[in-house]
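> sequence first, predicted coordinates after that:
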Amino acid sequence: MFPRFRIRHRRHALGAAITFALASAATAQTAPVVITGNPLGRDQALQPASVLSGDGLTLRRAGTLGETLDGLPGISSTWFGPNSSRPVIRGLDGDRVRVLDNSGASVDASSLSFDHAVALDPLVVERVEVLRGPAALLYGGNATGGVVNTLSNRIPRGALQGLSGRAELRLGGATAERGASALVEGGAGALAWHVDGFARRTSDLHVPRFSAVEEGESLPAATRVRNSASDAHGGAVGAAWTDRDGYVGASVDTYHNRYGVTVEPDVFIRMKRDRAAFAAERRRLPGFIESVEVQASHTRYRHEEVEGSGEVGTTFSSRGSEWRVQARHSPVGPWTGVFGLQAESLDFSALGAEAFVPGTRTRSSAVFLLEELRAGGLRWSAGARAERVTVSSDGDAPDAEEPRFGAAGARRFRPASLSLGVAWPLAPGWSLDASLGRTERAPAYYELFANGVHVATAAYERGDPELREERSVHTGVGVQWSRGGDLVKANLFDTRFSRFISLSSTGSMIDVPGEDGEAGSAVPEYAFRAVKARLRGFELEGRWRLVDRPWTLDLSGSLDHVRADDLSSGEPLPRIAPMRLRVGLEAGMGPWRGGLSMHHASAQDRVPATDSVTPSSTLLNLWLSREFGDALWFARLDNLGDRLAYNAATIGTLRNLAPLPGRSISTGLRLRF
């Protein structure tokens with residue numbers, strides 16, 4: 001079931017041994033409860049999970065969600081420069097990783113293109129929960145790779161008395177960030193309310209001196225990533241009526257971002273997202289249904305790609321709605337469980353010369369069930385989900401000068417997902433878990449109907465309207481040991497796709513005419529097609545306290561690896577992070593804490609013929625913090641050696657234009673009241 005992994009170099013073997021025996025993420029990065037994968041309220045989800053909150057989140061907070069999570073076990077990022085970076089989980093990205101906003105759908109265009117940013121800013125996030133591995137049972141086929149849920153309490157779930165809040169100021173870093181955020185919450189009696197806001201400005205990213213090649217020509221050596229500055233701001237207002245048995249509330253929020261597109265030196269994106277959400281819960285109900293949760297949201301998203309002349313080249317617009325009802329039933333013999341209904345709609349349009357996808361409408365509805373059974377010391381989990389998905393294309397406009405998308409049409413799909421899991425406490429401090437799942441995902445609108453030049457990938461992308469559901473089978477085994485604050489976890493996973501929708505080169509070149517009389521050019525053709533694929537790997541993490549009094553010293557670390565293969569072509573899948581090792585030391589005395597961490601990424605030489613090798617890198621980081629009552633001051637020195645490094649998960653057309661950040665110092669202050 002699982003692969004044989006070879007550690008090529010002695011330093012990797014030593015790192016693996018150290019990590020397996022002593023390593024883990026920092027205490028602030030893990031937590032005993034994961035709400036996202038835990039509708040039954042158990043101590044933990046039956047799949048690998050990571051949580052960022054409190055000081056751990058404050059110290060890791062970056063300009064994008066992907067960069068904030070990058071480096072957690074099994075998680076990397078797409079890294080299209082400092083402004084567009086989406087999470088990658090176990091080698092899967094795009095429409096296979098579900099990003100949630102307070103447990104609801106986050107509507108944007110980030111899965112369509114690598115240069116489109118996620119419409120969420122980490123500055124206002126209070127907690128991030130990540131499920132590694134398929135979570136399609138509860139969240140649909142778009143969660144084949146995992147789920148990232150950002151939580152900010154914009155709809156209070158419980159009573160709030162008096163006034164409380166948080167303010168945070170951040171300065172410096174490789175982007176010369178100037179950022180601030182604040183939230184205030186309060187309540188009286190049954191009424192609870194929440195207000196938050198943020199603003200962030202950055203300059204072009206500072207990197208070690210590098211040389212890049214673009215369209216076969218060498219660019220001058222530089223220490224800045226061109227056109228990578230940004231200016232973002234936003235905020236939210238929410239309120240709820242609460243009592244001991246539940247709540248009912250609503251919120252509205254807005255997000256604005258103006259940022260440069262690194263691959264195009266004179267183009268910037270002007271983005272705006274507005275969202276309204278509703279949520280309610282009733283607990284301790286009489287009868288068969290013990291509790292009911294309801295949530296709904298409506299989002300309007302728009303971004304314009306603005307040329308250097310000020311002319312808007314392409315406008316992307318989306319309107320999305322979601323509602324979800326989930327109920328927990330009383331025990332039926334030894335069984336407890338939840339069941340629910342979910343529906344989503346998405347209307348997408350792209351207008352302009354560079355639009356490579358027609359206007360589309362996606363409608364989906366689903367019913368799901370998750371049950372648990374405790375027997376003989378084992379905790380069993382079983383569930384199923386059935387969906388109906390319709391994806392419609394508007395085709396070419398009647399007055400289209402260059403018809404590309406054909407006549408209007410629609411495809412209908414019926415994805416189904418099944419899962420089975422078991423957790424077994426082996427001995428004091430030891431536990432074992434295993435999972436087996438079958439997942440189906442309906443093709444996304446761009447995988448079906450794309451037909452045009454995609455500037456971000458520098459390729460002509462062609463969809464396939466005849467694609468069928470993506471289908472995969474997942475197996476996983478995990479073991480955990482814990483004693484006090486010491487912890488060791490190990491996970492093995494294997495995902496086999498009988499139909500994996502891959503964007504692959506056809507080997508052909510497409511002639512593209514120039515604009516305003518300019519000479520045309522030829523670009524490679526890439527097509528979405530279904531192939532057989534396999535992704536397998538492991539994740540190790542742990543934490544060990546070396547000194548406990550009169551001061552503390554902790555050793556931590558993680559080691560992860562994914563091997564991904566296109567079984568139809570015999571080549572590796574593209575954009576896969578290499579084996580990565582992290583080892584850290586953290587010391588504390590009184591209000592002071594500080595740490596040193598080493599992040600090593602092996603060279604990624606398992607790449608398809610259309611990609612290039614990414615060299616290995618080793619980065620050293622330092623951090624220091626001090627508490628002053630309810631205030632926390634912190635400082636970070638990143639990439640101490642100013643090493644030039646690249647992200648293997650970045651699309652090949654951008655990778656050499658956007659190295660990882662160089663040596664930088666940043667500081668910040670967080671105040672709670």
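Received, thanks.
> ok so Asp55 is a helix residue?
Yes. Remark: Asp55 belongs to a helix, assigned using DSSP: H, G, I helix; E, B strand; the rest coil.
> do you know how far it is from Gly588?
Between Asp55 and Gly588 the computed distance is 11 Å (Cβ to Cβ, to the nearest Å). In this view, the C-beta of every residue, glycine as well, is placed from N, C-alpha and C.
> where exactly do the helices run in the chain?
For the chain, the helices defined by DSSP state H occupy 10-22, 54-60, 65-69, 136-139, 445-449, 652-655.
> help me confirm that Glu440 comes into contact with Arg388.
No. With contact defined as Cβ atoms under 8 Å, Glu440 and Arg388 do not form a contacting pair (11.9 Å).
> neighbour-wise, which of the two wins?
Applying other Cβ atoms under 10 Å to Glu440 and Arg388 shows that Glu440 carries more neighbours, namely 24 against 15.
> run through the bridge partners of that one.
Taking DSSP bridges as the rule, Glu440 bridges to Arg471.
> for it, list the residues it contacts.
The contact partners of Glu440, by Cβ atoms under 8 Å, 6 or more residues apart in numbering, come to Ala136, Gly141, Pro415, Ala416, Ser417, Glu469, Glu470, Arg471, Ser472.
> so for it, what's the pLDDT?
Glu440 carries a pLDDT value of 96.
> ok, now Ser218?
89.
> residues contacting the nearest residue to it once chain neighbours are set aside?
Take Ser218 and drop its neighbours on the chain: the residue closest to it by Cβ to Cβ, 6 or more residues apart in numbering is Ser211, 6.4 Å away. Applying Cβ under 8 Å, 6+ apart, we find Ser211 in contact with Ser218, Leu219, Pro220, Ala221, Ala222.
> residues of stretch 404-413 that come out buried?
Residues Arg404, Phe405, Arg411, Phe413 are the ones in stretch 404-413 that count as buried (16 or more other Cβ atoms under 10 Å).
> measure the third one to Asn639 for me?
Spatial separation of Arg411 from Asn639 under the definition Cβ to Cβ is 47 Å.
> which residue packs closest to Gly94, ignoring adjacent ones?
Distance criterion Cβ to Cβ, 6+ apart; nearest residue to Gly94, sequence neighbours excluded, is Ser111 at 4.7 Å.
> give me phi/psi at the one you found?
Reported as degrees, to the nearest 10, the phi and psi values for Ser111 are phi -80, psi -20.
> show me what contacts it?
Counting by Cβ under 8 Å, 6+ apart, Ser111 has contacts Arg86, Gly94, Asp95, Ala444.
> show me what contacts the third one?
It stands for Asp95. Neighbouring residues of Asp95 by Cβ under 8 Å, 6+ apart: Ser111, Asn142, Arg441, Ala444, Glu447.
> could you dump the contacts of Glu440 to CSV with pLDDT?
Listed next are these as CSV, based on pLDDT from 0 to 100:
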residue, pLDDT
Ala136, 72
Gly141, 84
Pro415, 96
Ala416, 96
Ser417, 95
Glu469, 97
Glu470, 96
Arg471, 96
Ser472, 96
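> out of the residues you listed, who's nearest Gln480?
Ala136 (23.9 Å; Cβ to Cβ).
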